[in-house]
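make a model of this:
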Amino acid sequence: MTIITLGVFDGVHRGHAEILQKLVRRARAVRGTSAAYTFEPHPARILSPRSCPSRIMTPDQKTETLRRQGIQKIVVQRFTRRFSRLSAEDFFRRILVRKLRAREIWIGYNFTFGFRRRGTPQKLLEWGKKAGIRVRVFPSFSWKGNPLSSTRIRSLLARGLVEQATELLGHPYLMEGVVVRGRGYGRGRLGIRTANLKSENERILPLGVYATRTRVGRKYYPSVTNIGCNPTFGRQILSIETHILRFRRNLLRKRIAVEFVKRLRGERTFRSASALAAQIQKDIRVAERVLRRR
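Residues are numbered from 1 along each chain as shown. Sure, this is the predicted structure:
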């Protein structure tokens, strides 16, 4: 018996987690299989790329977070133009009934599916009743009296409000990727070693300096991360540079992950390299206090 929830699940925020945890408990109670059905890429990336939102998570981050919620089976549907032309009723019968053998389907109130999004929660309730499949529709989510959605979280991140975003996500915003060779400003002109991250995430955060925690292997280290264009040295290509406190290992070509804890300040242009270096030392001290409280 498969109990399945459907959605994009970008960020896997507290609202998603509420559904997922209830679904896992339900599946255990009836000795069934808990499953999540999602899409890659985001449907808007194919259907309306100009208005497609930046994703909070990479596909791998989303899959891993769904697993951590206890979901046993994760189905990632490749979303293509051809797939988008599948009618809502065909999606229900061919995918949900025949392929996935769903016995219960759980969705959010605004979930739509099928060609031109003609599949609605009401349609799914009607078809489910005829097929003997229980359909459960969840209302909109709120957290501490305010709306909770991936859209709102993106808005917070776009303003650098990482603490508020973490509150709604239920976990820190994370960037991960491989350390690549930078321009050498940190170590060469400022005397501060930095890891230049080639992030696999779509960038949502604005330019600025953040108190962060950086994962190397399985261990986390306190760090300060700058997202910017190094205007003090003349406008450069945007980079994501992380200084890991009291860390001496060479991380070139190593995978790291950076958790964003608090925004410290915006990007500024300084009179000289020494003035910038002095400010970075202040940023490090502030970050240490912030991270110590965590």
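
CA atoms of the longest helix that the chain contains as CSV?
With secondary structure taken from DSSP state H, the chain has its longest helix at helix 273-293. Extracted C-alpha coordinates of helix 273-293, given in CSV (Å, rounded to 0.1, in the frame of the first residue of the first chain):
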residue,chain,number,x,y,z
ALA,A,273,43.5,46.8,0.9
SER,A,274,44.6,47.4,4.5
ALA,A,275,41.2,49.1,5.4
LEU,A,276,39.4,46.1,3.9
ALA,A,277,41.6,43.7,5.9
ALA,A,278,40.8,45.6,9.1
GLN,A,279,37.1,45.4,8.4
ILE,A,280,37.4,41.7,7.7
GLN,A,281,39.0,41.2,11.1
LYS,A,282,36.0,43.0,12.7
ASP,A,283,33.7,40.8,10.7
ILE,A,284,35.5,37.7,12.0
ARG,A,285,35.1,38.8,15.6
VAL,A,286,31.4,39.6,15.2
ALA,A,287,30.8,36.2,13.4
GLU,A,288,32.6,34.4,16.3
ARG,A,289,30.2,36.0,18.8
VAL,A,290,27.2,35.2,16.7
LEU,A,291,28.2,31.6,16.1
ARG,A,292,29.1,31.1,19.8
ARG,A,293,25.5,32.0,20.7
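
same for it, what does it pack against?
strand 208-216, strand 219-228, strand 255-265 (3 or more CB pairs under 8 Å, 6 or more residues apart in numbering; DSSP states H and E). For glycine as for every other residue, the C-beta is placed from the backbone atoms N, C-alpha and C.

any idea how far Val209 is from Gly228?
8 Å (CB to CB, to the nearest Å).

any common contacting residues for these two?
Glu267 (CB atoms under 8 Å, 6 or more residues apart in numbering).

between these two, point out the one with more neighbours.
Between Gly228 and Val209, Val209 has the larger neighbour count (other CB atoms under 10 Å), namely 25 against 19.

contacts only, for the more buried one.
224-226, 263-267, 283.

quick check: phi and psi at Val12.
phi 40, psi 60 (degrees, to the nearest 10).

next, name the residue at the spatial heart of this structure.
In the chain, the C-alpha nearest the mean C-alpha coordinate belongs to Met57, at 2.5 Å (CA atoms, centre = their mean).

wait, that residue sits on Asp10?
Yes. With contact defined as CB atoms under 8 Å, Met57 counts as touching Asp10 (6.2 Å).

distance of Ile237 relative to Phe79?
31 Å.

for Val97, same thing?
The value you get for Val97 to Phe79, if CB to CB is used, is 20 Å.

lowest-confidence helix or strand of this protein?
helix 185-189 (a mean of 53; mean pLDDT, DSSP states H and E).

now the angle from the following helix or strand past it to strand 219-228?
Later in the chain than helix 185-189, the nearest helix or strand by DSSP states H and E is strand 195-199. In terms of direction (axes from the mean of the first three to the mean of the last three CA atoms, to 10 degrees), strand 195-199 departs from strand 219-228 by 80 degrees.

what's strand 195-199 packed up against?
Against strand 195-199 (3+ CB pairs under 8 Å, 6+ apart) you get strand 173-180, strand 239-244, strand 255-265.

residues of stretch 251-271 that come out buried?
Buried residues in stretch 251-271, counted by 16 or more other CB atoms under 10 Å: 251, 256-264.

and what of stretch 121-136?
121, 123-125, 127-128, 133, 135-136.

wait, Gly119 touches Ile95, no?
No. With contacts counted by CB under 8 Å, Gly119 stays clear of Ile95, the gap being 10.8 Å.

which one of those two has more residues nearby?
Gly119 (22 against 19).

for that one, give me phi and psi.
Dihedral angles (degrees, to the nearest 10) for Gly119: phi -80, psi 120.

now swap in the one 10 residues further on and tell me
For Lys129, the backbone dihedrals (degrees, to the nearest 10) come out as phi -60, psi -40.

pLDDT weak spots in the stretch 101-250 of the chain?
Along the stretch 101-250 of the chain, the model assigns pLDDT under 70 to residues 184-190, 233-235.

let's go with 50 and repeat that
Applying pLDDT under 50 to the stretch 101-250 of the chain flags residues 188.

list the contacts of Ser223.
211-214, 242-245, 247, 258, 287.

what do you get if the cut-off is 7 Å, keeping everything else the same?
By CB atoms under 7 Å, 6 or more residues apart in numbering, Ser223 lies in contact with 212-214, 242-245.
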